[in-house]
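[1] take a look and give me a structure for this.
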Amino acid sequence: MNELEMRNFVRKIIEVMRSGASLTGTTIDDQVCEMALKAIDSDLIWSWVFMLIGRFTKDEPILVEAGDDVGAALQAAAINPMMILAIIQAIVALWKQFRPQS
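    Residues are numbered from 1 along each chain as shown. This next block holds a predicted model:
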């Protein structure tokens, strides 16, 4: 799966999560989905997220550091990087569970 395919895949999963979140009476889940979609839609933040996905899929230690430009973009968009990490970990775990075994 290339970067664009992964971006579309993650976006679709988050949109499904957003649909489910809209059915609850709480707003925090809606806000988390919106934050994740902002991160996916930002080219700068997405490049950082894509590096993280690569690390998670290979079970490598997370040594990716957000540079000043990514850190500023995360802060400007009010995106919590730890929340993004948790969401990406959950998506990768789901993907690993359902991917075809080779």
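
[2] name the element Ile13 belongs to?
    In this structure, Ile13 sits in helix 3-21 according to DSSP states H and E.

[3] give me the residue at the spatial middle of the chain.
    Centroid-nearest residue in the chain: Ile88, 4.3 Å away (criterion: CA atoms, centre = their mean).

[4] looking at it, that one is touching Phe56, isn't it?
    Yes - at 6.4 Å, Ile88 counts as touching Phe56 under the criterion of CB atoms under 8 Å. Heads up, the C-betas are built off the backbone N, CA and C, glycines and all.

[5] give me the number of residues near Met1?
    Met1 has 12 neighbours, counted by other CB atoms under 10 Å.

[6] likewise Leu74?
    When neighbours are defined as other CB under 10 Å, Leu74 has 21 of them.

[7] now Ser42
    Applying other CB under 10 Å, we find 18 residues neighbouring Ser42.

[8] tell me the pLDDT of Glu15.
    Note for Glu15: predicted pLDDT of 93.

[9] what about it, distance to Asp41?
    Here the criterion is CB to CB, to the nearest Å. By it, Glu15 lies 12 Å from Asp41.

[10] about what we covered before: helix or strand: which one has the residue nearest to the centre of the chain?
    Assigned by DSSP H and E, Ile88 falls within helix 81-98.

[11] name the helices or strands packed onto that helix?
    Applying 3 or more CB pairs under 8 Å, 6 or more residues apart in numbering; DSSP states H and E, one finds that helix 81-98 makes contact with helix 3-21, helix 28-41, helix 43-57.

[12] in it, what counts as buried?
    Using 16 or more other CB atoms under 10 Å as the burial criterion, the residues of helix 81-98 that qualify are 81, 84, 87-88, 91-92, 95.

[13] now it - C-alpha only, CSV.
    What follows is the C-alpha trace of helix 81-98 in CSV, where atoms were taken according to Å, rounded to 0.1, in the frame of the first residue of the first chain:
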residue,chain,number,x,y,z
PRO,A,81,0.0,14.2,18.9
MET,A,82,-0.6,11.5,21.6
MET,A,83,-4.2,11.1,20.5
ILE,A,84,-3.1,10.7,16.9
LEU,A,85,-0.5,8.1,18.0
ALA,A,86,-3.3,6.2,19.9
ILE,A,87,-5.6,6.3,16.9
ILE,A,88,-2.9,5.2,14.5
GLN,A,89,-1.9,2.3,16.8
ALA,A,90,-5.5,1.2,16.9
ILE,A,91,-5.9,1.3,13.1
VAL,A,92,-2.7,-0.6,12.5
ALA,A,93,-3.7,-3.2,15.0
LEU,A,94,-7.0,-3.6,13.2
TRP,A,95,-5.3,-3.8,9.9
LYS,A,96,-2.9,-6.4,11.1
GLN,A,97,-5.7,-8.5,12.4
PHE,A,98,-7.6,-8.5,9.1
